[in-house]
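**Student:** One predicted model, sequence on top.
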Amino acid sequence: MIDINLIRNNKDLVKENIKKKFQDEKLEVVDLIYDMDKKFRDCKKKGDDLRSLKNKKAKEIGNLMREGKKDEAEVIKKEISKYSDEMDLLEKQEEQLEKEIKEKMMIIPNIIDDSVPIGKDDNFNVEVERFGEAVVPNYEIPYHADILESINGLDKESSGRTSGNGFYYLMGDAARIHSAMLSYARDFMIDKGFTYCIPPFMIRSDVVTGVMSFTEMEAMMYKIENEDLYLIGTSEHSMIGRFKDQIVKETTLPITLTSYSPCFRKEVGSHGIEERGVYRVHQFEKQEMVVLCKPEDSMDWYNKMWSYTVEFFRSLDIPVRTLECCSGDLADLKVKSCDVEAWSPRQQKYFEVGSCSTLGDAQARRLGIRTKGEDGTYYVHTLNNTVLASPRGLIAFIENNYNEDGSINIPKVLQPYMGGKEKIVPIK
């Protein structure tokens with residue numbers, strides 16, 4: 001949610017930003033908010049004026065009563081009664097206008113950074129940089145589900161019976177690699193100075209609407225029936241929610257956290273759920289990083305955070321690239337975002353394995369997360385980034401470490417988490 005002062009003082013900037021995000025249907029909402037806010041402030045001023053007048057008249061009554069002028073005091077009491085009725089009406093109007101303004105403000109997109117490329121959808125995202133050589137071996141790389149099945153590591157038939165499409169069983173060495181990568185990701189971020197955290201895996205609706213737009217919520221979140229609880233789609237949701245309505249000490253900034261959680265997503269959309277493989281599923285596990293910082297430090301943290309993900313994947317012998325998200329591909333709360341994509345030697349193209357975003361103070365405004373400095377109280381900036389989301393990261397790992405004989409190399413950084421094992425050999 002943007003600062004209402006932007007609409008009060010710079011409507012053109014807000015409208016231009018909406019156009020850059022190709023959301024022209026929201027342009028009229030800006031004018032509507034502007035008019036409603038003017039009415040709100042008029043009501044508030046009238047109410048404040050009446051309150052001041054009421055207090056003044058109350059003092060007059062006290063003076064008249066002391067002077068024994070009861071009849072005159074009674075006349076003024078009747079005047080005050082009228083003021084009170086009018087004030088009650090104004091307060092109700094204020095409350096209603098404030099509620100409606102907030103609801104409409106929630107759909108206005110955040111002001112994007114000047115560096116964000118302009119484009120309608122992800123087809124206009126821009127490659128920034130590649131890290132590592134994208135090798136295509138002179139032997140065939142099988143489909144990831146077939147590789148996992150060759151080591152008795154994947155069972156989707158059984159998960160179809162227990163849970164339906166979009167779920168899976170990982171077993172044996174496949175499950176072990178999956179856990180090893182997450183454990184390594186945890187320790188990797190701890191070594192970067194981040195504090196490890198395991199958050200709640202369910203959150204209330206007021207936290208959900210604080211961390212994402214309504215459109216995203218409908219497309220992603222699973223609601224617990226008959227309870228005000230949602231399953232998290234990423235640990236960022238509950239990690240940011242932890243600071244809801246808090247004033248954090250400025251001396252504690254930046255707050256740098258890395259969190260583990262299972263994640264649950266509807267995956268509503270045209271892409272659909274993958275039938276055989278585990279690239280797009282309803283349930284996965286993730287190591288995340290979250291930062292709360294001063295506004296002037298947020299862009300520095302943004303660049304650090306995506307670089308950590310690049311460094312992590314390169315340590316697993318996985319080539320990656322960074323992709324700058326264009327204006328139309330940015331979620332409404334985001335100021336700037338980039339994807340980290342891993343090389344697929346089988347498909348001979350890159351695919352998304354992580355996303356890094358700075359949201360300015362949008363989440364902090366929605367959730368009331370502030371800090372107090374020498375110049376007063378202000379909203380913090382929030383950022384989030386994927387360290388590892390698996391099994392998508394698992395796919396990148398097995399494809400890039402697959403050998404012609406069907407074995408899978410285990411990089412040195414993962415070997416301590418695999419009992420010293422250097423290679424996985426196919427069973428069938």
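**Tutor:** Perfect, I can see it now.
**Student:** how about the helices in the protein?
**Tutor:** 4-9, 11-20, 27-66, 70-105, 144-150, 156-162, 172-191, 205-211, 214-220, 235-241, 298-314, 362-367, 392-400 (DSSP state H).
**Student:** helices or strands up against the third one?
**Tutor:** Right, the one you point to is helix 27-66. On a contact count with 3 or more C-beta pairs under 8 Å, 6 or more residues apart in numbering; DSSP states H and E, helix 27-66 meets helix 4-9, helix 11-20, helix 70-105. C-betas here are computed from N, CA, C, even on glycine.
**Student:** Now that helix: buried residues?
**Tutor:** The neighbour-count check on helix 27-66 (16 or more other C-beta atoms under 10 Å) flags 29-30, 33, 36-37, 40, 43-44, 46-47, 50, 54, 57, 61, 64 as buried.
**Student:** Read off the pLDDT value for the residue lying closest to Arg176 once chain neighbours are set aside.
**Tutor:** With C-beta to C-beta, 6 or more residues apart in numbering as the criterion, Arg176 has its nearest non-adjacent residue at 6.3 Å, and that residue is Met418. Reported pLDDT at Met418 in the predicted model: 96.
**Student:** Next one: Met418 from Asp3, what distance?
**Tutor:** Distance, Met418 to Asp3, by C-beta to C-beta, to the nearest Å: 50 Å.
**Student:** Which of the two has more residues huddled nearby?
**Tutor:** Each of Met418 and Asp3 has its neighbours counted (other C-beta atoms under 10 Å); Met418 has more, 19 against 16.
**Student:** Identify the residues contacting the residue lying closest to Arg276 once chain neighbours are set aside.
**Tutor:** Excluding the flanking residues, the one nearest Arg276 by C-beta to C-beta, 6+ apart is Ala145, at 4.8 Å. By C-beta atoms under 8 Å, 6 or more residues apart in numbering, the contact set of Ala145 is Leu154, Lys156, Arg276, Gly277, Val278.
**Student:** tally of neighbours for the nearest residue to the second one once chain neighbours are set aside?
**Tutor:** Once flanking residues are discounted, Lys156 sits nearest to Tyr168: 5.2 Å by C-beta to C-beta, 6+ apart. The number of residues packed around Tyr168, counting by other C-beta under 10 Å, is 24.
**Student:** Spit out the contact partners of Asp297.
**Tutor:** Leu253, Pro254, His381.
**Student:** From Asp361, how far off is it?
**Tutor:** Asp297 is 13 Å from Asp361, by C-beta to C-beta.
**Student:** Also Arg8?
**Tutor:** Distance, Arg8 to Asp361, by C-beta to C-beta: 17 Å.
**Student:** More neighbours: which of the two?
**Tutor:** In terms of neighbours (other C-beta under 10 Å), Asp361 is the more surrounded of Arg8 and Asp361; the figures are 21 against 13.
**Student:** Quick check, pLDDT for that one.
**Tutor:** Here the pLDDT value assigned to Asp361 is 95.
**Student:** thought it was touching Val380?
**Tutor:** Yes - Asp361 is within contact range of Val380, at 6.8 Å (criterion: C-beta atoms under 8 Å).
**Student:** Show me whatever sits in contact with both of the two.
**Tutor:** Pro295.
**Student:** quick one, what contacts Leu253?
**Tutor:** Leu253 touches Leu292, Cys293, Lys294, Asp297, Thr371, Val380, counting by C-beta under 8 Å, 6+ apart.
**Student:** ok so, going back, output the helices of the chain as TSV; include the columns distance to Glu341.
**Tutor:** Shown next, in TSV, are the helices of the chain (distance: least, C-beta to C-beta, whole Å):
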stretch	distance to Glu341
helix 4-9	33
helix 11-20	24
helix 27-66	33
helix 70-105	34
helix 144-150	16
helix 156-162	25
helix 172-191	17
helix 205-211	24
helix 214-220	21
helix 235-241	20
helix 298-314	10
helix 362-367	25
helix 392-400	9
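**Student:** Go through those helices and find the least confident stretch.
**Tutor:** Across the helices of the chain, the stretch with the lowest average pLDDT is helix 214-220; it has a mean of 76.
**Student:** buried stuff in that helix?
**Tutor:** Quick answer for helix 214-220 (16+ other C-beta under 10 Å): Met217, Met220.
**Student:** Dump the C-alpha coordinates for that helix into CSV.
**Tutor:** The C-alpha coordinates for helix 214-220 follow below in CSV (Å, rounded to 0.1, in the frame of the first residue of the first chain):
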residue,chain,number,x,y,z
PHE,A,214,-6.0,-10.0,-3.1
THR,A,215,-5.4,-11.4,-6.6
GLU,A,216,-2.3,-13.3,-5.4
MET,A,217,-4.1,-14.6,-2.4
GLU,A,218,-7.0,-16.0,-4.4
ALA,A,219,-4.7,-17.7,-6.8
MET,A,220,-2.3,-19.1,-4.2
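**Student:** Would you mind pulling up the elements that it packs against?
**Tutor:** Looks like helix 214-220 contacts no helix or strand (3+ C-beta pairs under 8 Å, 6+ apart).
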